[in-house]
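Colleague: A predicted structure for the sequence below; I have some questions about it.
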Amino acid sequence: MKKALIHDWYTQYGGAERCIESFTNIWDDFDHFTLVDTLTEQQRKKILKGKNSKTSFIEKLPFGKKKYRSYLPFFPLAIEQFDLSEYEVILSSSSSIAKGVLTRPDQLHITYMHSPMRYAWDLYFQYLKESGLNKGIKGFIAKYLLHKIRIWDIITLNRPNYYITNSKFVASRIKKLYNKESIVIYPPVDTEAFNLSEITDDYFITCSRMVPYKKIDLIVEAFSKTNKKLIVIGDGPDFKKIKKIATKNIELKGYLNNDEKIALLKKARAFIFMALEDFGISPVEAQACGIPVIAYSEGGALETIKGAYASETNVINKTGVFFKKQTTESLIEAISYFETYEKEFDKKIIRENSERFSVKRFEKEIKSAINSIYLDWKNN
């Protein structure tokens with residue numbers, strides 16, 4: 001059978017692309033489609049096993065490769081221009097637009113949905129505010145275009161035959177927005193790349209791209225009110241703003257390669273995580289190093305961390321601590337609670353929890369699920 005794999009865009013090696021890498025580890029005969037492809041040859045070899053992808057007209061527009069998000073109103077038209085009529089099975093990897101590809105009734109379309117498009121739905125107002133588009137003529141145009149995108153998103157909800165998704169949290173959002181049931185298969189995390197350290201140094205750590213919803217500014221603000229050392233790994237649009245509020249006990253490392261990141265991660269006292277994420281790979285990587293995670297108790301963190309709340313007096317078999325509000329006060333309280341029970345956290349137990357999300361586990365589960373779906377579809 002001929003198979004096509006369609007992904008929103010190939011512009012980085014992130015969590016979604018790790019899923020693509022696993023798909024191509026399992027099946028090496030996909031033909032690939034995407035709106036825009038700017039992968040390096042090294043990334044292409046890793047993710048697509050050296051294959052090229054067929055791209056859309058978005059890539060050919062002025063600055064289309066770098067400023068492709070500016071062409072959001074054209075995304076629905078672009079994705080619908082891919083002719084997939086020769087393929088029996090279509091797998092879409094979608095956090096934005098890929099699920100809307102056109103297929104016939106006699107073709108099987110399975111979507112692995114990382115998230116419904118958040119900027120059009122649950123992050124709509126936050127997106128407008130952070131982009132300065134919540135008022136004025138530009139704001140009116142942006143609101144109208146996102147309104148049209150939401151209409152298109154609902155129109156296309158029946159285009160996939162089956163939904164697979166990366167967490168129970170996203171499954172609940174798919175149910176609310178699309179009224180569709182989905183199979184939950186947690187995404188792959190390369191837990192084998194991480195290891196334990198017998199040494200624990202006197203610092204906390206966080207690692208993230210510096211964008212507003214990650215709340216790195218609040219983490220830095222909280223630590224600026226203490227004398228505890230914090231190491232921050234990552235860069236992004238908010239880097240300069242965060243650097244201005246960082247006190248002497250906070251060290252901003254910027255971008256680090258994976259080996260440098262692991263060297264710092266595995267010796268930390270705990271990992272700080274304040275974002276509301278659909279899944280959240282960083283907390284799992286931290287646990288793969290055996291370090292506890294102090295996390296905001298919403299979203300995917302509730303599924304990846306076995307956390308204790310400040311009211312509990314027993315942290316046996318726990319892998320972290322939860323706090324209930326995205327505030328500096330709530331985080332500081334959780335850190336204080338963590339320090340009370342810090343010596344009771346077991347690195348080996350924390351590491352074992354991370355292995356529930358390994359690459360091998362993902363590839364086994366996704367292969368089994370898709371093969372089962374195909375056989376059921378073929379027999380019906």
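Modeller: Yep, it's here.
Colleague: So which residues of the stretch 251-380 of the chain form helices?
Modeller: Here the stretch 251-380 of the chain has its helices, by DSSP state H, counting those that start in this stretch, at 258-265, 281-288, 301-304, 328-341, 347-354, 359-379.
Colleague: Also the stretch 101-250 of the chain?
Modeller: Under DSSP H, counting those that start in this stretch, the stretch 101-250 of the chain gives helices at 124-130, 136-155, 168-178, 216-224, 239-245.
Colleague: Relative to residue 77, which of those helices is closest?
Modeller: helix 136-155 (9.6 Å; C-beta to C-beta). Placement of C-beta: from N, CA and C, glycine included.
Colleague: relative orientation of that closest one and helix 168-178 in degrees?
Modeller: Interaxial angle, helix 136-155 versus helix 168-178 (axes from the mean of the first three to the mean of the last three C-alpha atoms, to 10 degrees): 90 degrees.
Colleague: And the pLDDT at residue 132?
Modeller: On pLDDT, residue 132 comes in at 84.
Colleague: Same check on residue 17?
Modeller: We note a pLDDT of 95 for residue 17 in this prediction.
Colleague: Check the gap between the closest residue to it other than its chain neighbours and residue 281 for me.
Modeller: Distances taken as C-beta to C-beta, 6 or more residues apart in numbering place residue 47 nearest to residue 17, at 5.2 Å, with adjacent residues excluded. Going from residue 47 to residue 281 by C-beta to C-beta, to the nearest Å gives 16 Å.
Colleague: Who has more neighbours out of the two?
Modeller: residue 47 (24 against 19; other C-beta atoms under 10 Å).
Colleague: secondary structure element for that one?
Modeller: Assigned by DSSP states H and E, residue 47 belongs to helix 41-48.
Colleague: got the buried residues for stretch 285-304?
Modeller: Neighbour-count burial for stretch 285-304 flags 285-297, 299-304 (criterion: 16 or more other C-beta atoms under 10 Å).
Colleague: what do you get for stretch 212-225?
Modeller: 212-224.
Colleague: what distance separates the start and the end of stretch 273-292?
Modeller: 11 Å (C-alpha to C-alpha, to the nearest Å).
Colleague: what does the average pLDDT come to for it?
Modeller: 96.
Colleague: tell me which residues of stretch 329-341 are tucked away?
Modeller: Applying 16+ other C-beta under 10 Å to stretch 329-341 flags 330-335, 337-338, 341 as buried.
Colleague: Make CSV out of the residues you listed and add pLDDT and distance to residue 358.
Modeller: As requested, the buried residues of stretch 329-341 are exported to CSV (pLDDT from 0 to 100; distance: C-beta to C-beta, whole Å):
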residue, pLDDT, distance to residue 358
330, 96, 31
331, 97, 29
332, 97, 34
333, 96, 33
334, 96, 28
335, 97, 29
337, 96, 30
338, 96, 26
341, 95, 28
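Colleague: hey, which helix or strand in this protein has the poorest pLDDT?
Modeller: Sorted by mean pLDDT, DSSP states H and E, the helices and strands of the chain end with helix 124-130, the least confident at a mean of 83.
Colleague: now for that one, which elements pack on it?
Modeller: Here helix 124-130 touches helix 136-155, going by 3 or more C-beta pairs under 8 Å, 6 or more residues apart in numbering; DSSP states H and E.
Colleague: and the helix it packs on, what's its mean pLDDT?
Modeller: Mean predicted confidence for helix 136-155 is 93.
Colleague: Name the residues that touch that helix?
Modeller: 72-73, 75-76, 100, 116-117, 119-121, 124, 128, 131-133, 177-178 (C-beta atoms under 8 Å, 6 or more residues apart in numbering).
Colleague: Mind giving me the ChimeraX command for buried ones among those?
Modeller: To isolate the buried subset of the contacts of helix 136-155 in ChimeraX, counting by 16+ other C-beta under 10 Å, use the following:
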select :72,75,76,100,116,117,119,120,121,124,128,133,177,178
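Colleague: before we move on, the earlier item: out of the helices of the stretch 251-380 of the chain, which is closest to residue 188?
Modeller: From the helices of the stretch 251-380 of the chain, taking C-beta to C-beta, the stretch that ends up closest is helix 359-379, at 3.8 Å.
Colleague: chain center to that closest one, what's the gap?
Modeller: 22 Å (C-alpha atoms, centre = their mean, to the nearest Å).
Colleague: Would you mark the buried spots in it?
Modeller: For helix 359-379, by 16+ other C-beta under 10 Å, it's 359, 361-363, 365-366, 369-370, 373-374, 377.
Colleague: for stretch 309-320, same thing?
Modeller: Under 16+ other C-beta under 10 Å, the buried positions of stretch 309-320 are 310, 315, 318-320.
Colleague: Now flag whichever of the residues you listed is closest to residue 36.
Modeller: Closest to residue 36 out of the buried residues of stretch 309-320 is residue 320 (36.8 Å), distances taken as C-beta to C-beta.
Colleague: Take the buried residues of helix 359-379 and write them to JSON lines, including distance to residue 1 and pLDDT.
Modeller: JSON lines is the format used below for those (distance: C-beta to C-beta, whole Å; pLDDT from 0 to 100):
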{"residue": "359", "distance to residue 1": "25", "pLDDT": "97"}
{"residue": "361", "distance to residue 1": "26", "pLDDT": "97"}
{"residue": "362", "distance to residue 1": "22", "pLDDT": "97"}
{"residue": "363", "distance to residue 1": "20", "pLDDT": "97"}
{"residue": "365", "distance to residue 1": "21", "pLDDT": "98"}
{"residue": "366", "distance to residue 1": "17", "pLDDT": "97"}
{"residue": "369", "distance to residue 1": "17", "pLDDT": "97"}
{"residue": "370", "distance to residue 1": "12", "pLDDT": "97"}
{"residue": "373", "distance to residue 1": "13", "pLDDT": "96"}
{"residue": "374", "distance to residue 1": "8", "pLDDT": "95"}
{"residue": "377", "distance to residue 1": "11", "pLDDT": "93"}
